[in-house]
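[1] need a 3D model of the following:
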Amino acid sequence: MQLEWARRNLKNPKKRKDIKPDIEFKSSNGSYETVNNYGVVEGGYKAFNYVLYVHNCSTDGYLRHGASETDNYALMLGYVLPSEGYIKYMGAHSSCILIRYIFVSFPGSAF
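    Below is the predicted model of the structure:
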């Protein structure tokens, strides 16, 4: 799911007649309190086009104290040339936060 933004309008960008963007949001959850959210905004006008992609995933993990959170952002800006070629700028940022806890066990505690 993280590279879905790269598949959009990648091989043959087309000129757009309508300025209205295509917007897609999805969210899912699973075991170990895993939550996946992502959104894509794709649009453009005439020869200019763009794709903005945002993804967030958080989980408590299956191991004790193994929670993690990942954020991904990507942007594509493009221009379709008159010769049907194209110029494209793509950038991405990913931040993976691995949350670790220091746990101290005391004799007689419930943990």
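[2] name the element the residue nearest the centre of the chain belongs to?
    Nearest to the geometric centre of the chain sits H55, at 2.8 Å (CA atoms, centre = their mean). Assigned by DSSP states H and E, H55 belongs to strand 48-59.
[3] within its sheet, name the partner strands of that strand and how each one runs.
    strand 34-45 (antiparallel), strand 68-80 (antiparallel) (DSSP bridges).
[4] in the sheet, who's paired with the residue nearest to the centre of the chain?
    Y38, N72.
[5] could you shift the numbering so residue one becomes 683, and keep it that way?
    Right, with 683 as the first residue, what we last looked at is H737.
[6] residue contacts, it?
    Shown in contact with H737 (CB atoms under 8 Å, 6 or more residues apart in numbering): 683-684, 718-721, 752-755. The way it works is simple: take the backbone N, C-alpha and C, and place the C-beta from them, glycine included.
[7] could you do L734 as well?
    By CB under 8 Å, 6+ apart, the neighbours of L734 are 722-724, 756-758.
[8] and it, what's its pLDDT?
    Looking at L734, its pLDDT stands at 93.
[9] try the one 3 residues further on
    According to the prediction, H737 has pLDDT 91.
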